[in-house]
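Undergrad: sequence first, predicted coordinates after that:
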Amino acid sequence: LSTKGAIVSDEQSRKLEFAELLRQHQSQLFGYIHSLLRNLNDADDLFQQTTVILWKKFADFDRQRSFLSWACGVARFEIANYLRARRRHRLYFTDELNLLLIEAQEKLDQEELEERREALSKCSAKLRASDRRLLEDCYNDSPGIAEVAQRYGRSPQSVYNSLRRIRRALFECIRRALAQKTGPEWIP
Amino acid sequence: MNDSNDIPEDLQDLIDEYLSDSIDQSRLKELEARLLADEEARRYFVRYCRLHTDLDLEARARKAGAHALASIDQAEPSPTPVAYPWRGPLRWGLPLAAAAILAVIGLWLAWKADQDRQDNTSPREEMAWLSNAQNCQWAPNMAPRGTMQSGKIVRLERGLAEIVFQKGARVLLEGPATLEVVSGNSARLHRGKLSAKVPETAKGFQIITPQGKVVDLGTEFVMAVEEDGSADVYVLAGKVEAYSDAKKSPRASFLSLQEKQGARIDGRGVSPRSAPPQPESKPFVRDIPVIVPRVFMLDFARPIPGTLLDAQGEGTGLTHRLPGTGKRFKSTDENLNLNLAAGQLELTTTNSDLNTQFKLDRGEYIGIKLTDLGFTGVEDFAFTVVVPDIPALQRVGQFGLYAGLGSDSSIRGGLLSRKEPEQYRQFLVQNHAGKDAPPHYVGLTTPGDDLRLTLRRDGKQYSLTVENQTTGNSTILTMPQPPYLEGQRDIYVGFFGANTQSEIRRTLILKEFKATVWTVTP
């Protein structure tokens, strides 16, 4: 009985460790998946699928390695299979680049992610109401730029251009906010 | 952090097309080539994509918020308060966590019951924080870092940690224990012991256990979850309800407990218990104790009557010999000289050895008894001597520090002379039933060096630090506490010197003797 008890408790402690590691890195992992799929619903599916596989393989996880890079590596295969099954493979990066992107993703740590999110919240509050509305219409389950354009009575290209302008303005605003926060040495 | 300034406009265009999914095969190839070639471009790429992710998630959260508002409007009065925008500015952290946690929940469902987050607060909110800690050792990756959000799991290997929850409940966790923060007024105890103090503001505070839960209606209780998932709870003051998850339970699935009542929650239901739960038969800690160091210090600058006497009959200040040693020194000790002018005690070694208990009646093991400093067997302690200008002892002459019950049950460490002339090695060794276990060795020291030796017990670990004041280096040897010293109260500590297996005696100088016991005041 004692041996069985020990196994059960070991299993339990692995689950807890896994849950904690996932909790620490899920933002970054989700970001990696979303950056490759660019669609929130696809990213949700793949994230879920990936976490289940990660848990199944967790016994083999080498504690010396970075959990995030391991998790992104697993996600990479899942994404490739997913896109292949949907015949969207041709619009996907090569493995070589995907591996380099995992490295880049690791350098975007949790702290910076949170600072970026906080800055985005302040920056988007500064947007013109019309720009904010356009963002809302174009993001999350958007019917597509073409349909949004039709609704607005504008050309798709012009909506696309507006969206691009708003995104870049937000990005620049976030950059400034972070530069201020980290001190003068970062100001270009 | 030049995120965009150095990024060419045409690369930005490529990334925007990529994100809008309007990129074609040849433009994608171009983007790929640019990203492969340039690390700075990749740096920019992941950050720009992140903005895209955050915007997507934010849009979803707004939608979810609108849905939640609508459903609440329809179903007044609301059964559960929902934390959405009107309770404060919408945090951008929320959407991401919502999306990610949704997925994690899928995974968790198999493992846990569905009681999580009954009060439905935003998962990124600060739910609890560490307010006090003592001697804590946390499992890797499972230490609290600043404030704790919903889902944070901490595993305390040893020590005491006090966690305050958002609504005001205070939990004192006793290692080893694993606790998961569920909300600002609830937690899951996976394993281990805790005591909880629940003020009026936190009435309804819950601790979920593997097989049930405990709901506090104020004010104080203790509980423990064992390896098999069963839980014991005991009410110190106020009222507590104990629930079991057991289906078709042969026993009750709910009990209301008053002061000085207890219950056990396991797979068969909830059953009353009269005595407080005491796993490992140790009482619960209800407050982090105050630790007061008690110090004993000698500078050998004046004789102290009523203590061990030197050759001239002057009191050295040291009070006890290690039992089983120095029996022939009935009153004065010809090997000791209290040099008041120099402020030092001089000890001339004898040929003796704790290993095999060789000629210990003349062995020089002089020090104090820790009970005189309030030691009861569990406190941490440390003691230090300064030994300047160390002489050259012949092999296997030795000097250093000991802690033990007697000559046949101790741990000792210090310097041991080597076969090579004028060389010492640092050592730490257990001696049980009069025999040395294989010693732990390191490093080299040479005669003439000034040393400061410290033997310390910290939790269940002993360490010997030798600071070489001549070279400026120091070396620490550590060893787990030997079982024969665990929990023992009558521990003697002190200094020893022996020209073991040689007849060439040397004189050691002790400049300072200091002992500290960190006594605990509950």
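TA: Okay, I see it.
Undergrad: give the buried residues for the biggest helix by length in chain B.
TA: Secondary structure of chain B per DSSP state H: the longest helix is helix B:39-74. By neighbour count on 16 or more other CB atoms under 10 Å in any protein chain shown, the buried set for helix B:39-74 is B:41-62, B:64-65, B:68, B:72. Every residue, glycine included, has its C-beta placed from N, CA and C.
Undergrad: look up how far chain B lies from the residue most central in space within chain A.
TA: In chain A, the residue lying closest to the centroid (CA atoms, centre = their mean) is residue A:31, at 1.1 Å. Distance of residue A:31 to chain B, computed by CB to the nearest CB, to the nearest Å: 5 Å.
Undergrad: now do the same contact list for the nearest residue to residue B:436 once chain neighbours are set aside.
TA: Of all residues not flanking residue B:436 in the chain, residue B:355 sits nearest, at 4.1 Å (CB to CB, 6 or more residues apart in numbering or on different chains). The contact partners of residue B:355, by CB atoms under 8 Å, 6 or more residues apart in numbering or on different chains, come to B:431, B:434-436.
Undergrad: related to what we said a few turns ago, give me the subset of the buried residues of helix B:39-74 touching chain A.
TA: When contact is defined as CB under 8 Å from any CB of the partner chain, the buried residues of helix B:39-74 meet chain A at B:42-43, B:45-60, B:62.
Undergrad: how near is residue B:394 to residue B:402?
TA: Separation of residue B:394 from residue B:402 (CB to CB, to the nearest Å): 21 Å.
Undergrad: of the two, who's got more company?
TA: The neighbour comparison of residue B:394 against residue B:402 (other CB atoms under 10 Å in any protein chain shown) goes to residue B:402, with 25 against 17.
Undergrad: list the beta-bridge partners for the more buried one.
TA: Bridge pairing for residue B:402 (DSSP bridges) gives the partners residue B:412, residue B:494.
Undergrad: and it, what pLDDT?
TA: Residue B:402 is assigned a predicted lDDT (pLDDT) of 97.
Undergrad: residues in contact with the residue of the stretch 151-300 of chain B found nearest chain A?
TA: Scanning the stretch 151-300 of chain B for proximity to chain A using CB to the nearest CB identifies residue B:153 as nearest, at 4.8 Å. By CB under 8 Å, 6+ apart, residue B:153 lies in contact with A:16, A:19-20, A:23, B:142, B:178-181, B:190.
Undergrad: for it, which residues make a bridge with it?
TA: residue B:180.
Undergrad: same question, residue B:367
TA: For residue B:367, the beta-bridge partners under DSSP bridges are residue B:320, residue B:494.
Undergrad: for chain B, what are the low-confidence residue spans?
TA: For chain B, the stretches with pLDDT under 70 are B:1-6, B:67-124, B:248-250, B:275-283, B:521-522.
Undergrad: in the chain, which spans are helices?
TA: I went with chain A, as the question did not name one. Taking DSSP H as the criterion, chain A contains helices spanning A:2-37, A:40-57, A:67-85, A:95-106, A:110-125, A:129-138, A:145-152, A:156-182.
Undergrad: can you look at chain B instead?
TA: Going by DSSP H, chain B shows helices at B:9-19, B:25-37, B:39-74, B:93-109.
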